[in-house]
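> sequence first, predicted coordinates after that:
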Amino acid sequence: MKEITAIIRRDKLPETKKALEDLGYPSLTIQSVDGRGKQKGAMCAEMDFEMPDSFCTAVKLKPTPSTYALEHTLPKVALYVPKRLLTIVVPDDVVATVIKSIIKVNQSGRAGDGKIFVSPVQSAVRVRTGEMNGEAIA
């Protein structure tokens, strides 16, 4: 068994959940997280990219930190971008398929598309039934 942890854009969550369901793996854990990548906060427009269109009119009245940073020269902007962190445990033989599916849904070619990490899982136990390992994740 492997644990797949994917950090994705917030707006890609519904499509990603659907893709995993279509593969037969609807069980996952979702967390709201904030972080930054190798741009070290310089990717200021990233946060505004995910804002709804209705928010853009309000920006003209009172700029967000990221829009302010785009319009002004600042030495270093340390913004944290909101993302979704998905965790799913799958059998070893489907890890590559699940990863390909997550990439297919989330890959736009722009910085901020996300990261995927794969870790080994020694054992799993379903608390309700006491089922172990493969039966516990099915």
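Okay, I see it.
> mind listing the strands whichever strand or helix holds Ile88 pairs with, and their directions?
For Ile88, the element it lies in under DSSP states H and E is strand 81-90. According to DSSP bridges, strand 81-90 has the following sheet partners: strand 2-8 (antiparallel), strand 29-35 (antiparallel).
> now the ones you listed in TSV, with mean pLDDT, mean neighbour count and distance to Gly134?
For the C-beta atoms, the positions are set from N, CA and C on the backbone; glycine is no exception. Shown next, in TSV, are the strands paired with strand 81-90 (pLDDT from 0 to 100; neighbours: other CB atoms under 10 Å; distance: least, CB to CB, whole Å):
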stretch	mean pLDDT	mean neighbour count	distance to Gly134
strand 2-8	97	19	12
strand 29-35	93	11	19
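> can I get those in TSV with distance to Thr16?
Formatted as TSV, the strands paired with strand 81-90 follow (distance: least, CB to CB, whole Å):
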stretch	distance to Thr16
strand 2-8	6
strand 29-35	9
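> Lys104 is nearest to which of these?
strand 2-8 (12.0 Å; CB to CB).
> CA atoms only: put that closest one into PDB for me.
Once non-C-alpha atoms are left out, strand 2-8 reads as follows in PDB (Å, rounded to 0.1, in the frame of the first residue of the first chain):
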ATOM      1  CA  LYS A   2       1.000   3.600  -0.700                       C
ATOM      2  CA  GLU A   3      -0.200   6.900   0.600                       C
ATOM      3  CA  ILE A   4      -0.500   9.500  -2.100                       C
ATOM      4  CA  THR A   5      -0.500  13.100  -1.000                       C
ATOM      5  CA  ALA A   6      -1.400  15.700  -3.600                       C
ATOM      6  CA  ILE A   7      -1.300  19.500  -3.200                       C
ATOM      7  CA  ILE A   8      -3.600  21.000  -5.800                       C
END
